[in-house]
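Asker: give the three-dimensional model of this entry:
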Amino acid sequence: MAKLIGVGLLIGSLVSLLVLVFAELGVFDYVSAALRNFYNGHELTLLPAGTVTHKAIQYGAVLVLAFSVAWTSIDIRSMPRKLVVGVLIVVLTGLLSLTLAFRGVLFEPFSAMIAGLLSLTGGMLFSVSASGRAAGRVRHFLGARVSDTVLRRALAKGEQAIPPTGHYEVSVLSCRIFNHSHFRSTMEPGDTVDLMRLCLKEVTKLLRQKGGYVESLTSDSVRVIFGIPTQDENHADTACEAALALYDRFASLNRECDNRWEQNVDFGIAVTSGTLTAASFGVPGIEQLSVLGWEANYADRLCAQNLERGTHILIAQQTADLTGSTMVAQPLEPAHDPETNSVLDIFELTDRAPDVRPADQPEDY
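Answerer: Here you go, the predicted model:
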């Protein structure tokens with residue numbers, strides 16, 4: 001992120017310096033005089049005699065467009081959208097000149113237009129460079145799926161931040177809201193959607209803050225990976241800590257939902273751990289970083305067990321083994337898993353170990 005900001009500042013500085021030097025040398029004096037004569041030929045835009053260009057407004061517009069467009073052109077990945085920005089620069093600066101003329105102020109828009117278009121060109125050139133393509137790829141795969149802290153570190157590392165195809169030790173957290181059908185039958189559609197959006201927003205916000213990567217998000221569930229792209233050897237501990245924090249967050253969410261809609265959210269959380277294959281999955285345009293392995297789907301099936309057992313947080317055997325010294329988990333009656341056609345041990349996560357304090361988001365990215 002710091003690198004991208006530096007590039008934006010560099011482009012904005014060079015462009016603004018170039019345009020302002022040209023302005024001081026009188027390069028735009030001719031067009032300014034021609035514009036004044038044009039406005040004086042119309043009653044609605046009649047300018048006072050002897051009106052000259054207001055340098056403070058003129059130079060201010062150059063600086064604002066040079067720096068803002070430089071950053072915008074770097075941040076926007078789509079080339080057609082960048083072209084739209086170019087059109088807007090021309091249209092809006094022209095309208096600004098006309099609006100100020102109505103108020104008796106002469107504003108020559110061409111220097112500001114040139115500043116904006118030059119910055120846009122600089123941003124386009126950067127976006128097609130190796131560094132620009134790497135930053136775009138990182139944003140494509142991570143973007144809003146991770147916390148701002150993780151994204152900044154990933155952008156600093158470039159494409160190395162995206163895990164190459166391979167096997168990784170990770171933990172998968174699945175969270176699901178069970179009673180959405182009840183909401184749909186007792187509430188107005190708009191209220192139902194607002195309630196679900198509120199819950200999903202708070203869930204994803206917390207899990208990203210805890211270092212998770214949001215692999216999937218549906219209308220009633222969230223699945224988050226711990227261990228990629230953030231390198232975390234204690235991914236199981238981190239995932240379980242996130243699950244406990246999420247349980248507390250639902251307590252406050254239920255108070256808010258009760259106050260606003262007189263409803264309570266019935267939720268379930270599950271954590272599984274194992275060796276999964278991480279890679280870019282999908283087709284061009286809708287590809288994403290994801291994991292492949294039965295443990296990932298098992299997290300969803302284990303999450304559903306909460307509804308049957310009246311629990312809130314369930315963890316798999318391997319997760320319990322990895323967190324035996326840091327978390328308190330009670331064994332429950334084993335359950336048959338249809339995908340593996342085997343009986344698997346299940347544990348209810350109840351608390352942290354007595355000497356363990358809540359952990360913050362991993363910092364060793």
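Asker: what's Met327 sitting at in phi/psi?
Answerer: Dihedral pair for Met327: phi -130, psi 160, per degrees, to the nearest 10.
Asker: before we move on, what about Ala320?
Answerer: Per degrees, to the nearest 10, the backbone of Ala320 is at phi -60, psi -40.
Asker: that one contacts Ala329, doesn't it?
Answerer: Yes. Using CB atoms under 8 Å, Ala320 makes contact with Ala329 at a distance of 5.0 Å. C-beta: built from backbone N, CA, C; applies to glycine.
Asker: which neighbours do these two share?
Answerer: Phe347 (CB atoms under 8 Å, 6 or more residues apart in numbering).
Asker: how close does His180 sit to Lys201?
Answerer: 15 Å (CB to CB, to the nearest Å).
Asker: kindly report the same for Pro189.
Answerer: Distance, Pro189 to Lys201, by CB to CB: 18 Å.
Asker: can you check Glu348 too?
Answerer: Using CB to CB, we find Glu348 at a distance of 27 Å from Lys201.
Asker: re the thing from before, so His180 and Lys201 - more neighbours on which side?
Answerer: His180 (18 against 11; other CB atoms under 10 Å).
Asker: roughly how far apart are the nearest residue to the more buried one once chain neighbours are set aside and Cys199?
Answerer: Nearest non-adjacent residue to His180, counting by CB to CB, 6 or more residues apart in numbering: Asp220, 4.9 Å away. Per CB to CB, Asp220 is found 9 Å from Cys199.
Asker: and those two? Which one has more around it.
Answerer: Taking other CB under 10 Å, Asp220 and Cys199 do not tie; Cys199 has more neighbours (23 against 17).
Asker: so the more buried one makes contact with Leu253?
Answerer: Yes. The pair Cys199 and Leu253 passes the contact test of CB under 8 Å, sitting 5.9 Å apart.
Asker: give me the common contacts of those two.
Answerer: Common contacts of Cys199 and Leu253 (CB under 8 Å, 6+ apart): Val265.
Asker: Asp237 falls within a helix, correct?
Answerer: Yes. Remark: Asp237 belongs to a helix, assigned using DSSP: H, G, I helix; E, B strand; the rest coil.
Asker: for it, what are its contacts?
Answerer: By CB under 8 Å, 6+ apart, Asp237 lies in contact with 322-323, 326-327, 359.
Asker: output the residues you listed in TSV; the columns should cover secondary structure, neighbour count and distance to Leu65.
Answerer: As requested, the contacts of Asp237 are exported to TSV (DSSP: H, G, I helix; E, B strand; the rest coil; neighbours: other CB atoms under 10 Å; distance: CB to CB, whole Å):
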residue	secondary structure	neighbour count	distance to Leu65
Leu322	helix	23	54
Thr323	coil	27	54
Thr326	coil	16	54
Met327	strand	25	54
Ala359	coil	18	45
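Asker: for the protein, longest strand please?
Answerer: Using DSSP state E, we find that the single longest strand of the chain is strand 267-281.
Asker: who does that one touch, helix- and strand-wise?
Answerer: Packing partners of strand 267-281 (3 or more CB pairs under 8 Å, 6 or more residues apart in numbering; DSSP states H and E): strand 166-177, helix 235-261, strand 288-292, helix 294-309, strand 313-316, helix 317-322.
Asker: how far off centre is the following helix or strand past the last one?
Answerer: Which is helix 317-322. Next helix or strand after helix 317-322 toward the C-terminus (DSSP states H and E): strand 327-337. Mean-position distance between strand 327-337 and its chain equals 35 Å (CA atoms, centre = their mean, to the nearest Å).
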